[in-house]
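> compute the structure for the input listed below.
(one chain, ligands or ions: 1)
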Amino acid sequence: MCGIVGYIGHREAWPVITKGLHRLEYRGYDSAGIALLNGDLKTYKKAGKVSDLEDFALNLDKSGTIGMGHTRWATHGEPCDRNSHPHPSGNGKLSIIHNGIIENYAVLKEALQAKGHTFISDTDTEVLVHLIEEIQERDQLELAEAVRVALTKVIGAYAIVVMSKEEPEQLVAARKGSPMVIGVGEGEYFIASDASPIVEYTKNVIYLKDNQIATLRTDNLVVRSIDNIIQTPSVQELSLKLEMLEKGGFDHFMLKEIYEQARSIKDCMRGRIYPGEGKVQLGGIKDYTEKLKNAERIVIVACGTSWHAGLVGEYLIEEYARIPVEVEYASEFRYRNPIISEKDIVIAISQSGETADTMAAIELAKERGATIFGICNVVGSSIPRITHAGVYTHAGPEIGVASTKAFTAQVTVLTLIALYVAQQKGTINQAQMVSMLTELDEIPTLVEKCLAQDAFVKEIAQKLKDSSNCLFLGRGSGFPVALEGALKLKEISYIHAEGYPAAEMKHGPIALIDEDMPVIFIATKNSSYEKVISNIQEVKARKGKVIAIVTEGDKEVKKMADYVIEIPDTNEAYLPLLATIPLQFLSYHIAVLRGCNVDQPRNLAKSVTVE
Ligand code: GLU
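The predicted model follows:
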């Protein structure tokens, strides 16, 4: 995963790079490091966060207008100073930062060791910089050419930046499978894993493509393919705004993003629903309408929270569009020879649009002739570029590692797809469509009401904060909500939590229930309400502590539960959009009360760009 920032131009590089690394810390925060070229090649690196690196380098000379920095999510070698990037070559002339995995590093390392190279770190990255050095010295090549030749020997995924003491007026960057954006300024260039470190300096960006190598100098940029063919990159204008990347008065990005959901759901629906006319319009997939109407099956591939959104999508698409849906973990799908044909539609869901397993699943399904749609949040990311069509979630940048507004936006898009196909197929009639869209249009207002529960949910969090385990139960589309609630709690508070379909409790998890086990029920008034009430009784009979998400005005559950959190009444189809919100607050407050780092939970990173 990891974040990369590079700068070449007239500004001091250190502040540009550290600020950029802070913005990219969501991608990894095991260690941070910076290399600067200023006559000499200077490297500063430290295990820990970017702020630890800043403290370490406080009184050191950090001058220089060319540099590159890295914030790491370790794949090869523990997080420590020695394994931190940048990594020098054996002769000390080169330095590299890398995002991704060099899969054949062991073979390359052995061959290089046989030639006399010695390695300081345990990383795969260090092998690559030694390989570049070896090729450069052997063939007397310029840096960019040595990088290009070295990359032809590499198997794996990478975004790299390389600097050379002997060719000090340039940065050489390349990518395959990991994202890389170049910012084009006046007499300066920026390079980063996403546009967030660049946006305050320039709006003009180039998304480097796979197998491209860029040489950045203050006054020019040259892009070549790995086959050494000159490329003409296209400059695009960023729509990202600086304030979207700031906390805006909230204590954490996660809290800000929870609060943004009324707006983000609205943005997601904007221009796509026409309640009066009972019409859904999805420009991104409209060319595939016939294909969708005739689809015999839809397969959804995703990971983590996006997989939970996929499960909600399964309920909605099957219920309204009457097309069978399978929801697969992308990481499993790609390795198990799945039965996929040109008749299938595969929907890939990923907030970042860079999730490595999801990308590999797409490639596999594409090879087998399926039509692929993407549901992604980051505009211009890799998945939208490799899919046939797609629908952006338009939730705005999500920086908190635990996904919140991206989940509800993904669910909104899946709802729109279900209704769009239902309309096209005629599986729901026009009157139903008008009424469903009218209710959907109301959701942002109802989300506001859920957000108003913040302080109340915090009080419940106080009571639960010392729990060691937690069970989340729901039925129907309340089940994926339960899974998502449990995942959120695990991710940020480190409390062990499980999500189950409520009726499955009797088949095992009920054994865990005692007075120390909080059980969180999704118990809203819908088709399975009565059944859930029975499940609540079963838990109470075993002295479990019950916290229930109920429909406003509910009396029955209130009598049984220890705490109830009310959400507004709505169409059952939209339950996940509302019921998720109190669960997000619950994990947020529990994590804060336990003193956890909510935005940067341990061992995690936001875009999982390694498999
Ligand atoms: N594989 C490299 C390492 O372990 C880079 C990981 C990353 O993308 O941060 O250091």
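> ranges for the strands of the stretch 351-500 of the chain?
Remark: strands assigned in the stretch 351-500 of the chain by DSSP state E, counting those that start in this stretch are 371-376, 389-392, 469-474, 496-501.
> try the stretch 1-150 of the chain
Taking DSSP E, counting those that start in this stretch, the strands of the stretch 1-150 of the chain run over residues 3-8, 31-38, 40-47, 66-72, 87-88, 94-102.
> those strands into TSV, with extra columns for distance to Pro582, mean pLDDT and mean neighbour count?
The way it works is simple: take the backbone N, C-alpha and C, and place the C-beta from them, glycine included. As requested, the strands of the stretch 1-150 of the chain are exported to TSV (distance: least, CB to CB, whole Å; pLDDT from 0 to 100; neighbours: other CB atoms under 10 Å):
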stretch	distance to Pro582	mean pLDDT	mean neighbour count
strand 3-8	32	97	30
strand 31-38	36	97	26
strand 40-47	37	96	19
strand 66-72	33	97	29
strand 87-88	46	98	24
strand 94-102	36	96	27
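> now tabulate these in TSV and tack on distance to Ile226.
Converted to TSV, the strands of the stretch 1-150 of the chain look like this (distance: least, CB to CB, whole Å):
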stretch	distance to Ile226
strand 3-8	19
strand 31-38	24
strand 40-47	26
strand 66-72	21
strand 87-88	22
strand 94-102	15
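> would you reformat those as a markdown table and include distance to the ligand?
Output for the strands of the stretch 1-150 of the chain, formatted as a markdown table (distance: least, CB to the nearest ligand atom, whole Å):
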| stretch | distance to the ligand |
| --- | --- |
| strand 3-8 | 8 |
| strand 31-38 | 9 |
| strand 40-47 | 11 |
| strand 66-72 | 4 |
| strand 87-88 | 8 |
| strand 94-102 | 4 |
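> and of those, who's closest to Ser403?
Minimum separation from Ser403 across those (CB to CB) falls at strand 3-8, 17.7 Å.
> packing partners for that closest one?
Judged by 3 or more CB pairs under 8 Å, 6 or more residues apart in numbering; DSSP states H and E, strand 3-8 is in contact with helix 13-24, strand 66-72, strand 94-102, strand 156-164, strand 171-176, strand 189-192.
> quick one: low-confidence parts of this protein?
Across the chain, the ranges flagged by pLDDT under 70 are 1, 606-611.
> the ligand contacts on that one?
1-2, 28, 72-77, 98-101, 123-125 (CB under 6 Å from any ligand atom).
> between those residues, which sits nearest Lys266?
Set against Lys266, the nearest of the residues of the chain next to the ligand by CB to CB is Met1 (30.5 Å).
> just put the strands of the stretch 351-500 of the chain in TSV and tack on mean neighbour count and distance to Ile317.
Formatted as TSV, those follow (neighbours: other CB atoms under 10 Å; distance: least, CB to CB, whole Å):
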stretch	mean neighbour count	distance to Ile317
strand 371-376	26	12
strand 389-392	22	13
strand 469-474	25	19
strand 496-501	20	19
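> export those to CSV and tack on distance to Val147?
Below are the strands of the stretch 351-500 of the chain laid out as CSV (distance: least, CB to CB, whole Å):
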stretch, distance to Val147
strand 371-376, 29
strand 389-392, 33
strand 469-474, 49
strand 496-501, 45
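> please name every helix or strand in contact with the host helix or strand of Ala579.
Taking DSSP states H and E as the definition, Ala579 sits inside helix 575-593. Under the contact definition 3+ CB pairs under 8 Å, 6+ apart, helix 575-593 sits against helix 253-259, helix 405-425, helix 430-451, helix 454-464, helix 478-493, strand 518-522, strand 545-551, strand 563-567.
> which one of those has the most crowded surroundings?
The highest mean neighbour count among those, using mean count of other CB atoms under 10 Å, belongs to strand 518-522: a mean of 28.
> quick one: it to chain centroid distance?
The chain centroid and the centroid of strand 518-522 are separated by 27 Å under CA atoms, centre = their mean, to the nearest Å.
> same deal with stretch 459-472?
Distance, stretch centre to chain centre, for stretch 459-472: 26 Å (CA atoms, centre = their mean).
> how long is that stretch end to end?
Using CA to CA, to the nearest Å, one end of stretch 459-472 lies 19 Å from the other.
> also stretch 334-352?
Terminal residues of stretch 334-352 lie 19 Å apart, using CA to CA.
> any idea which of the strands of the stretch 1-150 of the chain gets closest to Ala192?
Nearest of these to Ala192, taken as CB to CB: strand 3-8 at 4.7 Å.
> ok, residues contacting that closest one?
With contact meaning CB atoms under 8 Å, 6 or more residues apart in numbering, strand 3-8 is reached by 13, 16-17, 20-21, 23-28, 65-71, 97, 99, 159-161, 169-171, 173, 180, 188-194, 197, 216-218.
> let's go with 7 Å and repeat that
With CB atoms under 7 Å, 6 or more residues apart in numbering as the test, strand 3-8 has contacts from 13, 16-17, 20-21, 24-25, 27-28, 66-71, 97, 99, 159, 161, 171, 173, 188-193, 197, 216-218.
> ditto for stretch 60-70
For stretch 60-70, contacts defined as CB under 7 Å, 6+ apart pick out 2, 4-14, 17-18, 20-21, 32-38, 44, 85-86, 97, 161, 163, 168, 171.
> same check, this time on stretch 263-272
By CB under 7 Å, 6+ apart, the residues outside stretch 263-272 that reach it are 280-282, 393-396, 405, 408-409, 412-413, 416, 440, 443-444, 447, 577.
> can you check stretch 159-166 too?
Contacts with stretch 159-166, where a contact means CB under 7 Å, 6+ apart, come from 4, 6, 35, 37, 40-41, 68, 93-100, 132, 143, 147, 171-175, 178-180, 191, 193.
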